[in-house]
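Engineer: Give the three-dimensional model of this entry:
(one chain, ligands or ions: 1)
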Amino acid sequence: MSKFIQTNGRHRTIEGWPLVFTVLTVICVLVGGTVEFLPLVLMEGNIPVISSVTPYTPLELAGRDLYIREGCVNCHSQMIRPFRDELERYGDYSKPGESVYDRPFLWGSKRTGPDLARVGGKYPDLWHVRHMEDPRSTSPNSIMPPYDWLLSKTLKLNDLPAKMRGLKSLGTPYSTADIDGSVEDANAQAENLARNIAANGGPEDLADKEIVAVVAYLQRLGTDLTKLTN
Ligand code: HEC
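Structural biologist: Numbers count the residues shown, from 1 in each chain. Predicted coordinates for the structure are as follows:
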């Protein structure tokens, strides 16, 4: 009993020195925090790697930035949770390794519209063009706003090398050749996409418009894992 009172007394004494007590508490929290946090940052094995997940192509990257600019993330999540209703509606649940190249991530937290994590390949390219121009033309009663300017605004690609250099400095494995050839690569992918859209009866002149980048990005979403099984 007397021992207990003695310890208790010492603690009381330290508690009675607010400054010393604050400093000791901060040291304890810092040590605890460092021990928890450092391994997460330092151990490479903490980043789940899926071999078929590759960085976005330059055109997809441009489309992703338009997706951010237009605020699509305010209505669409990109994160399928491992619940049966979600799996049946959207497909396989999202794995951490699928978004290692998403900076910033676009998991979202609101679903006014459906989740888009696996929308790639769900519709033809032309469907996306029509849907962006006027959502109700493809989805009757849709409350999604139209983004028709994407079909007429010229796609700017000249900042791609700088964007890719930035991502590379954060760990995305773009090679120097990828970066140097990014504008050319994006133009080639855009022309291909635009040809496909025109061949299916869509507008003829989309190769240099923002819409092709958005469609390239949407068609990529969630397709890395199916590459693995096919
Ligand atoms: C105000 C909320 C809202 C915003 C903002 C919004 N959407 Fe939607 N979106 C919806 C709704 C609601 C639907 C379901 C009806 C439909 O298909 O139009 C939808 C459907 C979609 C679909 C079809 C998904 C599927 O699986 O059928 C795609 C693709 C899509 N949106 C892309 C976008 C893109 C890209 C943007 C940004 C340029 C965007 N949305 C912005 C509400 C929104």
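Engineer: Okay, the residue nearest to Leu160 when sequence neighbours are not counted and Ala188: tell me how far apart.
Structural biologist: Using CB to CB, 6 or more residues apart in numbering and skipping the chain neighbours, the partner closest in space to Leu160 is Ser182 (4.3 Å). C-beta: built from backbone N, CA, C; applies to glycine. Ser182 is 11 Å from Ala188, where distance means CB to CB, to the nearest Å.
Engineer: For these two, indicate the residue with more neighbours.
Structural biologist: Of the pair Ser182 and Ala188, Ser182 is the one with more neighbours under other CB atoms under 10 Å, namely 25 against 15.
Engineer: Which residues are in contact with the more buried one?
Structural biologist: Ser182 sits next to 58, 157, 160-161, 164 when contact means CB atoms under 8 Å, 6 or more residues apart in numbering.
Engineer: confidence score at Leu38?
Structural biologist: Note on Leu38: pLDDT of 89.
Engineer: now swap in Arg118 and tell me
Structural biologist: pLDDT, Arg118: 96.
Engineer: ok, so what distance separates it from the ligand?
Structural biologist: According to CB to the nearest ligand atom, to the nearest Å, Arg118 and the ligand sit 8 Å apart.
Engineer: just checking, that residue touches Leu87?
Structural biologist: No. Between Arg118 and Leu87 there is no contact under CB atoms under 8 Å: 10.4 Å.
Engineer: so does stretch 99-114 get close to the ligand?
Structural biologist: Yes. Counting by CB under 6 Å from any ligand atom, the ligand has neighbours in stretch 99-114: 112-114.
Engineer: who wins for neighbours among those residues?
Structural biologist: Taking other CB under 10 Å as the neighbour criterion, Gly113 ranks highest of those with 16 neighbours.
Engineer: Run the chain-centre distance for the helix or strand where Val35 lies.
Structural biologist: Taking DSSP states H and E as the criterion, Val35 maps to helix 18-42. Between the centre of helix 18-42 and the centre of its chain there are 32 Å (CA atoms, centre = their mean, to the nearest Å).
Engineer: now swap in stretch 217-230 and tell me
Structural biologist: With CA atoms, centre = their mean, you get 14 Å for stretch 217-230.
Engineer: Could you pull up the residues touching the residue in the chain that the ligand sits nearest to?
Structural biologist: The ligand sits closest to Gly113 of the chain, with a gap of 2.5 Å, by CB to the nearest ligand atom. Counting by CB under 8 Å, 6+ apart, Gly113 makes contact with 75-76, 144.
Engineer: Is it possible to get JSON lines of these that adds pLDDT, neighbour count and distance to Ser94?
Structural biologist: Output for these, formatted as JSON lines (pLDDT from 0 to 100; neighbours: other CB atoms under 10 Å; distance: CB to CB, whole Å):
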{"residue": "Cys75", "pLDDT": "97", "neighbour count": "16", "distance to Ser94": "18"}
{"residue": "His76", "pLDDT": "98", "neighbour count": "20", "distance to Ser94": "13"}
{"residue": "Met144", "pLDDT": "98", "neighbour count": "17", "distance to Ser94": "22"}
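Engineer: can you tell me which of these are up against the ligand?
Structural biologist: 75-76, 144.
Engineer: Reformat those as TSV; add secondary structure and distance to Val214.
Structural biologist: Formatted as TSV, the ones next to the ligand among the contacts of Gly113 follow (DSSP: H, G, I helix; E, B strand; the rest coil; distance: CB to CB, whole Å):
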residue	secondary structure	distance to Val214
Cys75	coil	15
His76	coil	12
Met144	coil	13
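Engineer: among the contacts of Ser182, which two are most distant?
Structural biologist: The span of those, defined through CB to CB, is set by Leu157 and Met164 at 11.2 Å.
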